[in-house]
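>>> Whatever this is, show me its structure:
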Amino acid sequence: MTAPTLQTTSFIGGRHLPTLKTYPNIDPATGDLIGDVSRASADEVDRAVAAAAKAQREWRRSSPEQRSTLLVAAGTRIRANREELARLESEDTGKPLTQAYADVDVCARYFEYYGHTIEAYYGAQIPMADDMHVYTRREPYGVTGHIVAWNYPLQLIGRAAATSLATGNCAVAKPADETPRTTVRLAEIIQEAGFPRGAFNVVVGLGAEAGDALAKHPGVAHLGFVGSTATGSLIAHAAADRVIPTVLELGGKSANVVFPDADIDGAVPSLVRSFIQNAGQTCSAGARLLVHASVHDEVVEKMGRAVAEITVGRGTDDPGLGPLVSSRQLDRVQGFLNELDPAQVAVGGGRPAGLGGVLENGAFVSPTIVTGVDPAQRIFHEEVFGPVVAVSTFEDDEEALALANGTEYGLVSAVWTRDLSRAHRLAHEIEAGQVFVNTYGAGGGVELPFGGYKKSGYGREKSIEAFDEYTQTKTVVIKL
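Modelled structure (predicted):
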């Protein structure tokens, strides 16, 4: 990494831009200082948007072939820097190295995938009369702004940057306060791959300062946001004030729905992984488990045994479960657990045993299974964003569907059954952007459209469908 190691700086117009004001970047596993982060202001955001606008004037004229070549080259360079990127990601987020390596690979895949598909993306010819030639063009918006969460920095920025650049836009990204380093390194890699200076810029700093300035900047023509529903609403209002489009990927309270005919032994590894991956800090986490009453005890018992085998520790030591991203997030998770009747906590519920020494002040919480959850309880319908699953029972298909749809979110759901008629029926009736059957998640799912129903957001990222979000249609009509 060419940036100063003691201060993570903004990267604007191909150069690092430090600031006098900084804030600390804290290791979530130990509570120790990793380094300082520049505290960018509205001035740095102005510079970044200006740099992107300047680069975009030429970039929009580049051919799909040219963009494809550079995107694939960026993907290759991301893979070449896999070790460095994974370690930075693990240190900042606390996630196990194995998961951080997967994030690097998915980030590279976005650049490769969009590099390979952009050459097959084009408008349409529309038949009208013999003396009329009508066609459509898909044109870029200009400068796109991206404000993302701290849980998957490389994946979230990677998919936004690759889609924006592939479609002829240029971009300004604001990574989360807690996890800025891989985004800055990615900006360096993108420039090293041959993209114009200013094609991809990064402003680091606090969300209330740099993030707010980017969301409200008049030079930004399109906004993308990943984070909480409350902040997403503010982003949407800022975009509405300027009448610009947004893509919002917000919260989730996703459910695994387990029927008595399911392959329980086959399901348990996915059920556990869906709520502990990334320490449960995933918008699409399987944070609710809806299980038929007749198999409830079996499912909970087998999940408890699987959870007992999970190792906990510092992310860079590659355990099964790392810390939460910050002490503030730990307080949030513990707040949910403190509201419960202790009898509801079947597994976990506190700090893992045996974490002394350098990990004594880390933001750790045990994998936790909460049973007997009533839909009226806050843990049933609000995001915990920790390794906690809320278990409720149902008696029939109708009750299962009502529970699955019983929150204001609709990001992901899964149905576990051998009955294909039931699987298809529920897949159609569950209100979620993705529904899985006898599996959960997609290992990055670059090819799959991803986005929410209800308060989980709107617009779609990933897949070729994302190109539609980052372009606008122009219709051309010529009288022959």
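
>>> Neighbours of the residue lying closest to residue 140 once chain neighbours are set aside, how many?
Among residues not flanking residue 140 along the chain, residue 168 sits closest, at 3.6 Å (Cβ to Cβ, 6 or more residues apart in numbering). (C-beta placed from N, C-alpha, C; glycine too.) By other Cβ atoms under 10 Å, 22 other residues sit near residue 168.

>>> Secondary structure element for residue 168, which one?
Assessed by DSSP states H and E, residue 168 sits outside every helix and strand.

>>> who are the neighbours in contact with the closest residue to residue 389 other than its chain neighbours?
Closest residue to residue 389 apart from its sequence neighbours, by Cβ to Cβ, 6+ apart: residue 275 at 4.2 Å. By Cβ atoms under 8 Å, 6 or more residues apart in numbering, the contact list for residue 275 reads 285-287, 289, 367, 387-389.

>>> What strand or helix carries residue 275?
For residue 275, the host element (DSSP H and E) is helix 264-276.

>>> Extract the C-alpha trace of that helix and format it as PDB.
Only the C-alpha atoms of helix 264-276 are listed here, as PDB (Å, rounded to 0.1, in the frame of the first residue of the first chain):
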ATOM      1  CA  ILE A 264     -32.700 -31.500   9.100                       C
ATOM      2  CA  ASP A 265     -29.100 -32.800   9.100                       C
ATOM      3  CA  GLY A 266     -28.500 -31.200   5.700                       C
ATOM      4  CA  ALA A 267     -30.000 -27.900   6.800                       C
ATOM      5  CA  VAL A 268     -28.300 -27.400  10.100                       C
ATOM      6  CA  PRO A 269     -24.800 -26.200   8.700                       C
ATOM      7  CA  SER A 270     -26.500 -23.600   6.500                       C
ATOM      8  CA  LEU A 271     -28.900 -22.500   9.300                       C
ATOM      9  CA  VAL A 272     -25.900 -21.900  11.600                       C
ATOM     10  CA  ARG A 273     -23.700 -20.300   9.000                       C
ATOM     11  CA  SER A 274     -26.500 -17.900   8.000                       C
ATOM     12  CA  PHE A 275     -26.500 -16.200  11.400                       C
ATOM     13  CA  ILE A 276     -22.900 -16.400  12.500                       C
END
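
>>> And it, what's buried?
Within helix 264-276, the residues that qualify as buried are 264, 267-268, 270-276, counting by 16 or more other Cβ atoms under 10 Å.

>>> which of those residues lies closest to residue 78?
Distance to residue 78, by Cβ to Cβ, is smallest for residue 273 among those, at 24.8 Å.

>>> Please tell me how far the closest one sits from residue 471.
Distance of residue 273 to residue 471, given as Cβ to Cβ, to the nearest Å: 35 Å.

>>> same question, residue 292
45 Å.

>>> want to throw the contacts of residue 275 into a markdown table with distance to residue 302 and secondary structure?
Shown next, in a markdown table, are the contacts of residue 275 (distance: Cβ to Cβ, whole Å; DSSP: H, G, I helix; E, B strand; the rest coil):
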| residue | distance to residue 302 | secondary structure |
| --- | --- | --- |
| 285 | 19 | coil |
| 286 | 15 | coil |
| 287 | 19 | coil |
| 289 | 12 | strand |
| 367 | 14 | coil |
| 387 | 17 | coil |
| 388 | 18 | strand |
| 389 | 13 | strand |
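
>>> Now these in a markdown table, please, with extra columns for neighbour count and distance to residue 342.
Compiled in a markdown table, these are given as follows (neighbours: other Cβ atoms under 10 Å; distance: Cβ to Cβ, whole Å):
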| residue | neighbour count | distance to residue 342 |
| --- | --- | --- |
| 285 | 30 | 24 |
| 286 | 27 | 24 |
| 287 | 28 | 20 |
| 289 | 25 | 19 |
| 367 | 26 | 17 |
| 387 | 29 | 18 |
| 388 | 26 | 15 |
| 389 | 30 | 17 |
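
>>> Out of the residues you listed, the closest to residue 70 would be?
Nearest to residue 70, judged by Cβ to Cβ, of the contacts of residue 275 is residue 285 at 34.3 Å.

>>> surely the closest one meets residue 272?
No: counting by Cβ atoms under 8 Å, residue 272 is not a contact partner of residue 285; they are 11.5 Å apart.

>>> just to revisit the earlier point, can you give the distance of the helix holding residue 275 from its chain's centre?
21 Å (Cα atoms, centre = their mean, to the nearest Å).

>>> next one: stretch 379-394
The gap between where stretch 379-394 is centred and where its chain is centred comes out at 19 Å by Cα atoms, centre = their mean.

>>> what about that stretch, how long is it end to end?
For stretch 379-394, the first-to-last residue distance is 17 Å (Cα to Cα, to the nearest Å).

>>> Low-confidence ranges, the chain, go.
Within the chain, the stretches with pLDDT under 70 are 1-5, 442-444.

>>> check contacts around residue 429.
Each residue near residue 429 by Cβ under 8 Å, 6+ apart is listed here: 401, 405.

>>> now it: how far from residue 435?
Taking Cβ to Cβ as the measure, residue 429 falls 9 Å from residue 435.

>>> Then residue 91?
Remark: distance between residue 91 and residue 435 (Cβ to Cβ) = 35 Å.

>>> the more surrounded of these two?
residue 91 (23 against 19).

>>> And for the closest residue to residue 81 other than its chain neighbours, the neighbour number?
Nearest residue to residue 81, sequence neighbours excluded (Cβ to Cβ, 6+ apart): residue 189, at 6.3 Å. Neighbour count of residue 189, defined by other Cβ under 10 Å: 24.

>>> again, but for residue 187
Going by other Cβ under 10 Å, the residues that sit close to residue 187 add up to 26.

>>> what's the answer for residue 191, then?
Neighbour count for residue 191, taken as other Cβ under 10 Å: 20.

>>> Can you give me the neighbour number for residue 177?
Each residue near residue 177 was counted by other Cβ under 10 Å, and the total is 20.

>>> Could you do residue 386 as well?
25.

>>> could you point out the longest helix in this structure?
Determined from DSSP state H, the single longest helix within the chain is helix 97-117.

>>> ok, residue 44 touching residue 9?
No: with contact defined as Cβ under 8 Å, residue 44 and residue 9 do not form a contacting pair (9.6 Å).

>>> Could you name every residue contacting both of the two?
By the contact definition Cβ under 8 Å, 6+ apart, residue 44 and residue 9 are jointly contacted by 17, 19, 38.

>>> Quick check: of these, which has the highest neighbour count?
residue 38 (26 neighbours).

>>> Is that residue bridged to anything, and to what?
Note on residue 38: beta-bridge partners residue 22, judged by DSSP bridges.
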